[in-house]
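Q: sequence plus the predicted model coming up.
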Amino acid sequence: MTQPLWWQSGVVYQIYPRSYLDTDGDGIGNIAGITEKVGYLHDVLRVDAVWLSPFFPSPMADFGYDVSNYVDVDPQFGSLADFDALTAALHGRGMKIIIDYVINHTSDRHPWFVESRSSRDNPRRDWYVWADAGPDGSPPNNWQSIFGGGAWERDEQTGQYYLHSFLKEQPDLNWRNPEVEAAMFDVLRFWMERGVDGFRIDAAHLIMKDPAMRNNPPNPAHTGAPDEYDAFLHPHDKGHEDIHATFRRLRSVLDEYSEQSPRMAVAEIHIFDWPVWASYYGSDLDEIHMPFNFGLLFGPWTSETVRTVVDSVEGAIQPDAWPNYVLGNHDVSRLASRLGTEQARVATMLLLTLRGTPTLYYGDELGMQDVPIPVEKLQDPAGHGVPGQGRDAERTPMQWTSGPHAGFCPPNVEPWLPVSADADRVNVEVERNDPRSMLTLTARLLSLRRSSPALALGAYRPRESEDGTVVYEREADGESWLIALNLTSDPRTVLLPGTKPGQVLSTHLDRESVDGLDPLVLRPNEGLVIQIEGA
Ligand code: NOJ
């Protein structure tokens, strides 16, 4: 490949600012808290870039994914000066900063929407998606909100409906209006002027809708309630083809600034038809630098899923497009809860040795678990108050120490979500000093990746192997590594004739060598990264 860029060679770490560290004693994490932990990010973990979930002014109906001002910091999180200090601290250590760019919708309190809803002839009326009711007063079409219920809200004052793909407090912007595009592109410029290196584009696949607003067809495979989001196919409100021209223009805004230093966009694209997903890179690689690849997040955790996802992604992208992988984020159950603590280690080894940029979710490096939230403490509106349905469980405070509230906030303050009951043993302080901890494993994998051009950037070559195992090679400039993963809780044997093992890293962190590779016995839940001698 040509000279790799930071977002290709590096590892991204996602921080949910509300839950990282509270330095001002309100039970909510803040930007100064992240700055305080830059030493951890750089010296202990050694990640290359940090992605911050939204910290912009917001009524917090969806905890910041309802933005009421794109160019400021919510006082709960601090100030622009705090943001600048964090950016300087990261840049000072050679790290990059990526911020969330919530593009599909604003808050209903954003001044743009307040104006838009004020009258039918307001100049900003067309900044959002408004439509007339059906003849019987019903919503304009059958589109559903991803958070449940219909996607249309009737506005009493003006008698029309507005579209909200998520909460009714999150009205969808009309990206077909060039003024909206110009205003939103200025948001990118504002943050790039402040030194932001990259953007994670929220709900990117949703921004363009069918101009005729046709009904979505039913999903024949759906078995649940008839009015659920998944009860329909989404040709008209998701992944509309006009999106690509918009993303090409968005890319050129990033490119305006990239001579100074390379900027990037990574986009939330929930599409699992891999050629369609790959189209978001752009036919000339002129759209999104990396559409997020969620393939490993949702399938069953089997060797077949892993092989199919990796082979499909490798097969779908153009030679110069760069892959990426995700195992956790603020919207899904935590890795260690989904797979169990043993397989979470195997999965982390996979994430950090595949070809493509890994994004790590805060706390997964410790093996943090989903935290059961009592009903009276539920926060996430997407949970509809139903225990187990919202996303609070995976957003609980980062576990720093064995002390009160895991060191997240002062002892006399109640954190916004409860701290996990296991925080006395699963925390940075304890795990840093434990040579076999998940944190030690993650840090060692990160350090190995950083020191090896083959692991960071080299070619990927799958190897045939027994069911329940995933085996592949990474190679660059005569340096070669073999990765053998056992995704089961039974021993597995793999045969790797003709290869001579060098140094070894096991997920169990208890051996530095293996006797041979023909055969190689993987213990239950064991993954190995093996240097190949004389490659
Ligand atoms: C995707 C984000 O990741 C999620 O947290 C949010 O609720 C929705 N988009 C709406 O912005």
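A: The structure has been received and is ready for your questions. Every value quoted in this text rests on a predicted model; they were computed, and no experiment measured them.

Q: ok, the strand or helix carrying residue 530: who's next to it in the sheet?
A: Element membership for residue 530, per DSSP states H and E: strand 527-532. Sheet pairing here is set by DSSP bridges, and for strand 527-532 it gives strand 479-486 (antiparallel), strand 501-506 (antiparallel).

Q: CA atoms only: put it into CSV for me.
A: Taking Å, rounded to 0.1, in the frame of the first residue of the first chain, the C-alpha atoms of strand 527-532 are listed here in CSV:
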residue,chain,number,x,y,z
GLY,A,527,-6.0,-17.8,20.8
LEU,A,528,-2.3,-17.6,19.8
VAL,A,529,-0.4,-15.1,17.8
ILE,A,530,2.8,-16.9,16.6
GLN,A,531,5.7,-15.4,14.8
ILE,A,532,6.8,-17.5,11.9
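
Q: who's in contact with that strand?
A: Strand 527-532 has contacts (C-beta atoms under 8 Å, 6 or more residues apart in numbering) with 345-346, 349-350, 353, 445, 448, 455, 473, 480-486, 499-507, 514, 517, 520, 522. Yep, even glycine has a C-beta here, placed from its N, CA and C like the rest.

Q: tell me the mean pLDDT for that strand?
A: Mean per-residue pLDDT for strand 527-532: 97.

Q: ditto for stretch 407-425
A: In the prediction, stretch 407-425 has an average pLDDT of 98.

Q: phi, psi of residue 361?
A: phi -90, psi 140 (degrees, to the nearest 10).

Q: show me what contacts it?
A: By C-beta under 8 Å, 6+ apart, residue 361 lies in contact with 14, 327-330, 334-335, 394.

Q: for this protein, which spans come out with low pLDDT?
A: Low-confidence segments of the chain (pLDDT under 70): 1, 384-388, 535.

Q: identify the residues contacting the residue in the chain that the ligand sits nearest to.
A: Distances between the chain and the ligand by C-beta to the nearest ligand atom are smallest at residue 65, namely 3.3 Å. Residues in contact with residue 65 (C-beta under 8 Å, 6+ apart) are 54, 58, 100, 102, 166, 170, 202.

Q: equivalent analysis for residue 395, please.
A: Applying C-beta under 8 Å, 6+ apart to residue 395 gives the contacts 16, 18-19, 63, 330, 380, 417.

Q: the same query, at a cut-off of 7 Å, please.
A: 16, 19, 330, 417 (C-beta atoms under 7 Å, 6 or more residues apart in numbering).

Q: same check, this time on residue 169
A: Shown in contact with residue 169 (C-beta under 7 Å, 6+ apart): 59, 61, 66, 107-108.

Q: next, it: secondary structure please.
A: Put simply, residue 169 is coil when judged by DSSP: H, G, I helix; E, B strand; the rest coil.

Q: quick check: chain neighbours aside, which residue is closest to it?
A: For residue 169, ignoring the flanking residues on the chain, the nearest one in space by C-beta to C-beta, 6 or more residues apart in numbering is residue 61 at 3.8 Å.

Q: distance of that neighbour relative to residue 478?
A: 55 Å (C-beta to C-beta, to the nearest Å).

Q: those two: which is more packed in?
A: residue 61 (18 against 8; other C-beta atoms under 10 Å).

Q: quick one on the thing from earlier: which ones among the contacts of residue 361 are found in strands?
A: Within these, residues falling in strands by DSSP state E are residue 14.

Q: show me which of the contacts of residue 361 neighbour the ligand.
A: The subset of the contacts of residue 361 within reach of the ligand, by C-beta under 6 Å from any ligand atom, is residue 330.

Q: can you put the contacts of residue 361 in JSON lines and add neighbour count?
A: Compiled in JSON lines, these are given as follows (neighbours: other C-beta atoms under 10 Å):
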{"residue": "14", "neighbour count": "23"}
{"residue": "327", "neighbour count": "23"}
{"residue": "328", "neighbour count": "27"}
{"residue": "329", "neighbour count": "24"}
{"residue": "330", "neighbour count": "18"}
{"residue": "334", "neighbour count": "24"}
{"residue": "335", "neighbour count": "32"}
{"residue": "394", "neighbour count": "26"}
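
Q: out of the contacts of residue 361, list just those in helices.
A: Among the contacts of residue 361, the ones falling in helices (DSSP state H) are residue 335.

Q: residue 224: which of the contacts of residue 361 is nearest?
A: Nearest to residue 224 among these: residue 394, at 22.7 Å, using C-beta to C-beta.

Q: what distance do you get for the closest one to residue 262?
A: Residue 394 is 31 Å from residue 262, by C-beta to C-beta.

Q: equivalent analysis for residue 374, please.
A: As judged by C-beta to C-beta, residue 374 and residue 262 stand 46 Å apart.

Q: looking at these two, which is more packed in?
A: For residue 374 versus residue 262, neighbours defined as other C-beta under 10 Å are more numerous around residue 262 (17 against 8).

Q: let me know the helix or strand that that one is in.
A: Going by DSSP H and E, residue 262 is not in any helix or strand.

Q: contact partners for it?
A: 5-6.

Q: now swap in residue 420 and tell me
A: 368-369, 371, 396, 399, 426.

Q: cool, residue 23 as well?
A: Counting by C-beta under 7 Å, 6+ apart, residue 23 makes contact with 30, 32-33, 36.

Q: show me what from the stretch 1-150 of the chain comes close to the ligand.
A: Checking the stretch 1-150 of the chain against the ligand by C-beta under 6 Å from any ligand atom, the hits are 62, 65, 102.

Q: hmm, the last one is touching residue 69, no?
A: No. In this structure residue 102 lies outside contact range of residue 69 using C-beta atoms under 7 Å: 11.5 Å.

Q: strands of the stretch 51-200 of the chain, start to end?
A: 96-102, 130-131, 152-154, 161-163, 198-202 (DSSP state E, counting those that start in this stretch).

Q: name the helices or strands packed onto the third one?
A: Under the contact definition 3 or more C-beta pairs under 7 Å, 6 or more residues apart in numbering; DSSP states H and E, strand 152-154 sits against strand 161-163.

Q: list the strands paired with the strand it packs on, with their directions.
A: Here, using DSSP bridges, strand 161-163 pairs with strand 130-131 (antiparallel), strand 152-154 (antiparallel).

Q: contact partners of the last one?
A: The reference is to strand 152-154. 133, 139-140, 143, 161-164, 168.

Q: need the residues that contact the helix or strand containing residue 253.
A: For residue 253, the element it lies in under DSSP H and E is helix 243-258. Here helix 243-258 makes contact (C-beta under 7 Å, 6+ apart) with 175, 181, 185, 188-189, 192, 207-208, 263, 265, 280, 282, 286-288.

Q: farthest pair in those?
A: 192 and 208 (23.7 Å).

Q: regarding stretch 475-495, how distant is the last residue from the first?
A: Using C-alpha to C-alpha, to the nearest Å, one end of stretch 475-495 lies 19 Å from the other.

Q: in that stretch, what counts as buried?
A: Within stretch 475-495, the residues scored as buried using 16 or more other C-beta atoms under 10 Å are 475-476, 480-488, 492, 494.

Q: what of stretch 278-298?
A: Applying a neighbour-count criterion of 16+ other C-beta under 10 Å, one finds 278-282, 287-297 buried in stretch 278-298.

Q: which one among the residues you listed gets closest to residue 230?
A: Closest approach to residue 230 among the buried residues of stretch 278-298 (C-beta to C-beta): residue 294, at 15.7 Å.

Q: the closest residue in space to that closest one that isn't next to it in sequence pairs with what?
A: For residue 294, ignoring the flanking residues on the chain, the nearest one in space by C-beta to C-beta, 6+ apart is residue 326 at 5.7 Å. Legend: beta-bridge partners of residue 326 under DSSP bridges are residue 359.

Q: how about residue 326, what does it touch?
A: Here residue 326 is in contact with 292-294, 296-297, 359 (C-beta under 7 Å, 6+ apart).

Q: please repeat the previous calculation with a cut-off of 6 Å.
A: Residues near residue 326 by C-beta atoms under 6 Å, 6 or more residues apart in numbering: 292, 294, 297, 359.

Q: what about it, distance to residue 33?
A: On the measure of C-beta to C-beta, residue 326 and residue 33 end up 24 Å apart.

Q: alright, I will stop here.
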